[in-house]
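Colleague: Just to be clear, the model below is a prediction. Sequence and coordinates:
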Amino acid sequence: MCSAKSNVDLISNLRASKLISSDAVVAAMKKVDRANYVRIKSAAYEDSPQSIGYSATISAPHMHAHATENLLDYLKPGSKVLDVGSGSGYSCAVFHHLVGPTGKVVGVDHIDKLVELSEYNLKNDGLGDMLDSGAIKMVTGDGRQGYADSGPYDAIHVGAAAPSMPTALVQQLAQPGRMFVPVEKKSGNGQSIWQVDKDDNGALHYEELISVMYVPLTDRKQQIDF
């Protein structure tokens, strides 16, 4: 386990365990204090998912690390990023520190109270100016349809498991671009992370990476506070 007593130690433990391999991801994740994005502050630095309400969670830190490492080649200064199921806003903050103020990070969640929560969290984490400038934009909407108004995107991160490959999101990838998305297995037994790459000519390559367990990417009406 990589759990720790502070954010810096948590990220250092992820690096020591080789769950983070790049200095850039270490630096970005150290800038985002997880305590600003969770309900239970005493559990902020545990390497486990935490409830944020409305049947949603903030993923375990090792999964944030895995996703960010996977997308890193597409998280350059000036890049555009879409975060589907943005929840607490944590991933948006990490991505922002990689793409910088000249880039753009769009977070989409269909629960308006979670969008409000994410904006509060981002401001509390010192990123209010980036919300004001539009470098970070949080949107209430059906993430399964993406957010074409700001696309295409160099990187797309999906933080909940889709029932099948989300075609609308694939279409919003830039050329080149990459998507990190958990998808329900056709067998109905669990989920897998898929890496979807679109090349300069628009050709697509799909690679199944690892088995995971995410909350489902679902209809708004199916999510209730618990």
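Modeller: Everything's here; your move.

Colleague: Could you report the neighbour count for residue 107?
Modeller: When neighbours are defined as other C-beta atoms under 10 Å, residue 107 has 32 of them. (C-beta placed from N, C-alpha, C; glycine too.)

Colleague: Where does it fall, secondary structure wise?
Modeller: For residue 107, the element it lies in under DSSP states H and E is strand 104-109.

Colleague: what about that strand, average pLDDT?
Modeller: Mean pLDDT, computed over strand 104-109, is 98.

Colleague: Direction included, what does that strand pair against?
Modeller: When sheet partners are counted by DSSP bridges, strand 104-109 sits next to strand 80-84 (parallel), strand 136-140 (parallel).

Colleague: ranking those strands by burial, who's on top?
Modeller: strand 80-84 (a mean of 27; mean count of other C-beta atoms under 10 Å).

Colleague: what's in contact with that one?
Modeller: 71, 74-75, 91-92, 95, 99, 103-108, 143-144, 146-147, 150-160, 166, 169, 172, 174, 217 (C-beta atoms under 8 Å, 6 or more residues apart in numbering).

Colleague: Closest to the centroid, which residue in this protein?
Modeller: What sits nearest the mean C-alpha location of the chain, by C-alpha atoms, centre = their mean, is residue 91, with 4.1 Å.

Colleague: so how far is residue 185 from it?
Modeller: 23 Å (C-beta to C-beta, to the nearest Å).
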